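Undergrad: Just to be clear, the model below is a prediction. Sequence and coordinates:
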Amino acid sequence: MCAGSIRFVVAFAAAAAFSFFSLRTRQRIAAGAAALLLASVAAAGTVAAGATAAVAPPSEVYGDLFAAVQSHGIFTDSKQFADAIPRGTPSGILAAWNSRRQSPGFSLREFVSEHFEFEPEAASPAPATHSDLCQHIADLWHVLVRPMTSPAQGSSLLPLPFAAIVPGGRFREAYYWDSYFSLLGISVDATGEPVQGIVKNFAYLIDKYGHVPNGTRSYYLSRSQPPFFYEMVALTSHDDPAAAFARYLPQLRREHAFWMDGEALAKPGRPYRRVVVLADSARLNRYWDDRAAPRDESYREDLTLAKGTDRPAGEVYRNLRAAAESGWDFSSRWLADGKTLGSIGTTNTVPVDLNSLLFGLETAIRLGCARVHDQVCADEFTRRSAARHAAIDRYLWQNDSGVFDDFDWRRGRPTDRLSIATLYPLFTGLAQPKQAHRVARIVEAQLLKPGGLATTAVASGQQWDLPNGWAPLQWIAVRGLRAYGETELARTIAQRWLANVDRVYRTSGKLVEKYDVVDLGRSGGGGEYPLQDGFGWTNGVTAQLLQLYPDPKRCSAAAPQATRPTATLH
């Protein structure tokens, strides 16, 4: 297959994956989610098109009150207060706070209980004794698919026009890149209406805010996440992705403009927001956040970390936030010394995953523009994708080591930190066949473990490092490797991962956020919060892999199937 054909086929291979397997198998896992998505549209309500896009986060809405609650450690998890639902107006709550805070015997804890309420975490259903893995995934959609109702005044929740998939546990809102991997498990057919509703949610966010925020909370609006919107759009038209790109062309172009904002202002050695200009004027991108303040959802933790370094606090906060935009929060990829969170320098890094996805986005825009006969646009994005491809080959491909690597623009050299991100150029189809096969051999030798692929080769204690494996990265690997003919390695990764997921499920009754791929049967560790179960992207990727690599021991054809109601999205 020529490189051009690989680029086209790989970029949208996932959209057609469901058509390769039996309808019975597809419906088995998808039915619960599809029915819930359809049924919940009426409850979701209508989001006002004219609503203001300027939504302040709780740290700004509640000011000193927010800082006091978070700093005093009233909640073990800082996210709990960031997600609080006010019982009154913010102005009324602040007036009560200011009038009572100095009173003798004042209790901040009691004040918070009086003026705020808290949504419980999403609880997973207990597995039935007869339930196999596929049936449990189907049951989980009843917990994880939910309408996004109009939030109370002063709440951090952002409304959505259609039902959304939440990851589970403490994550009670929709997340950007999580949603793509969750969708893999509920994509019913080439025009699946439930998928359309989810994609319309993200198009709505782009129209309203100019980008897809990290998640549907006001405190996430200052950043995005890895740009998988074009991949979600492709899922709405399996047989003709270009037609879907044409339908969503305004949103695709607006998202691209968000990532490239200020490109004319960036200069070599002086990036602007997310745009980095390198020595030869090549333009690539980095992760960023528009705020240099403690994250609302990790307020106390960020304050503590910054105080423990000799760096300017704003610099630490910005880099923590940029790592959150990457989705890899946190990893040795972003740490200057490879091990200490206080050394975080995410904004110094030109990441291979982000730039591969932006190549995919530019390719999608080109195809959409060609479909609507906008030759000026098609020519522009042909040039943009070609320039990005050339820059990735020049700066991110390391011919000596045979991997795609992140690039430290300040030091002018690769970071020499092997991670699964090296497989993103295969996922989006920009790798040349020889590059892909060399990457496959390195990944097989250094990242393949008994339970799947390790995220990196470094055991730093951070959650996006060895020994943890994550479902979305297994899918990036499997799809990318299959597209370049590395079918045996792809099969090995998938089967080891599925065995690991199934083993944890058999012993704990849970599908979890991350897994230990070295010590089999163990959930993953590390991170800022306790292990979460649910878990949206694990369910979606597991469902997809079970269709690619069926195993009756894990997904019995005899398991019960419920009859689901049908409805029509509007």
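TA: Yep, it's here. Since this is a predicted model, take the numbers as computed values, not measurements.

Undergrad: Hmm, residue 396 is touching residue 407, no?
TA: Yes: the pair formed by residue 396 and residue 407 meets the contact definition of C-beta atoms under 8 Å, at 5.8 Å. To be clear about C-beta, it is placed using only N, CA and C from the backbone, and glycine gets the same treatment.

Undergrad: Below-threshold pLDDT in the stretch 101-250 of the chain: ranges please.
TA: The stretch 101-250 of the chain contains residues with pLDDT under 70 at 122-130, 187-193.

Undergrad: for the chain, same thing?
TA: For the chain, the ranges with pLDDT under 70 are 1-54, 122-130, 187-193, 525-533, 557-570.

Undergrad: Next, name the residue at the spatial heart of it.
TA: In the chain, the centroid-proximal residue (C-alpha atoms, centre = their mean) is residue 177; its distance is 2.4 Å.

Undergrad: give me the element that residue is part of.
TA: For residue 177, the element it lies in under DSSP states H and E is helix 176-183.

Undergrad: Now do the following helix or strand past that helix against helix 176-183, angle only.
TA: Sequence order places helix 193-209 as the next helix or strand after helix 176-183, per DSSP H and E. Interaxial angle of helix 193-209 relative to helix 176-183 (axes from the mean of the first three to the mean of the last three C-alpha atoms, to 10 degrees): 170 degrees.

Undergrad: Can you name the next helix or strand after helix 193-209?
TA: Next along the chain after helix 193-209, taking DSSP H and E as the criterion, comes helix 229-234.

Undergrad: Alpha carbons only: can I get that following helix in PDB?
TA: C-alpha atoms of helix 229-234 as PDB (Å, rounded to 0.1, in the frame of the first residue of the first chain):
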ATOM      1  CA  PHE A 229     -13.300  15.500  17.400                       C
ATOM      2  CA  TYR A 230     -12.500  14.700  13.800                       C
ATOM      3  CA  GLU A 231     -12.300  11.000  14.800                       C
ATOM      4  CA  MET A 232     -15.700  11.200  16.500                       C
ATOM      5  CA  VAL A 233     -17.100  12.900  13.300                       C
ATOM      6  CA  ALA A 234     -15.800  10.000  11.200                       C
END
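
Undergrad: ok, and what's touching it?
TA: Identification of contacts with helix 229-234 by C-beta atoms under 8 Å, 6 or more residues apart in numbering yields 11-12, 14-15, 176, 179-180, 183, 195, 198-199, 202-203, 206, 212, 241, 244-245, 247-248, 251-252, 255, 360-361, 364-365.

Undergrad: Kindly report the same for stretch 274-288.
TA: With C-beta under 8 Å, 6+ apart, stretch 274-288 has contacts from 223, 259-263, 266-271, 273, 318, 322-323, 325-326, 346-351, 354-355, 358, 387-388, 390-392, 394-396, 407, 409, 412.

Undergrad: Apply 7 Å and report the result again.
TA: Stretch 274-288 is contacted by residues 259-260, 262-263, 266-268, 271, 273, 322-323, 325-326, 346-347, 349-351, 354-355, 358, 388, 391, 394-395, 409 when judged by C-beta atoms under 7 Å, 6 or more residues apart in numbering.

Undergrad: Which of the residues you listed fall within helices?
TA: Residues of the contacts of stretch 274-288 located in helices (DSSP state H): 259, 322, 323, 325, 326, 354, 355, 358, 388, 391.

Undergrad: Test my guess that residue 295 contacts residue 319.
TA: No: here residue 295 lies out of contact with residue 319, judged by C-beta atoms under 7 Å, at a distance of 11.5 Å.

Undergrad: Could you tell me how far stretch 454-473 lies from the centre of the chain?
TA: Offset of stretch 454-473 from its chain centre (C-alpha atoms, centre = their mean, to the nearest Å): 16 Å.

Undergrad: Buried residues of that stretch, list them for me.
TA: Within stretch 454-473, the residues scored as buried using 16 or more other C-beta atoms under 10 Å are 454-456, 458, 460, 462-473.

Undergrad: how long is it from one end to the other?
TA: Length of stretch 454-473, first residue to last, C-alpha to C-alpha, to the nearest Å: 9 Å.

Undergrad: Send me whatever helix or strand residue 368 lives in as PDB with only the CA atoms.
TA: Residue 368 is part of helix 352-371 when elements are defined by DSSP H and E. Only the C-alpha atoms of helix 352-371 are listed here, as PDB (Å, rounded to 0.1, in the frame of the first residue of the first chain):
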ATOM      1  CA  VAL A 352       4.300  13.700  19.000                       C
ATOM      2  CA  ASP A 353       0.700  12.700  19.900                       C
ATOM      3  CA  LEU A 354      -0.700  16.300  19.600                       C
ATOM      4  CA  ASN A 355       1.000  17.000  16.300                       C
ATOM      5  CA  SER A 356       0.000  13.700  14.900                       C
ATOM      6  CA  LEU A 357      -3.700  14.400  15.800                       C
ATOM      7  CA  LEU A 358      -3.500  17.900  14.300                       C
ATOM      8  CA  PHE A 359      -2.100  16.300  11.100                       C
ATOM      9  CA  GLY A 360      -5.200  14.100  11.200                       C
ATOM     10  CA  LEU A 361      -7.500  17.100  11.700                       C
ATOM     11  CA  GLU A 362      -5.900  19.000   8.800                       C
ATOM     12  CA  THR A 363      -6.400  15.900   6.600                       C
ATOM     13  CA  ALA A 364     -10.000  15.700   7.600                       C
ATOM     14  CA  ILE A 365     -10.500  19.400   6.800                       C
ATOM     15  CA  ARG A 366      -8.900  18.900   3.400                       C
ATOM     16  CA  LEU A 367     -11.300  16.100   2.600                       C
ATOM     17  CA  GLY A 368     -14.300  18.000   3.800                       C
ATOM     18  CA  CYS A 369     -13.300  21.100   1.800                       C
ATOM     19  CA  ALA A 370     -12.800  18.900  -1.300                       C
ATOM     20  CA  ARG A 371     -16.300  17.400  -0.800                       C
END
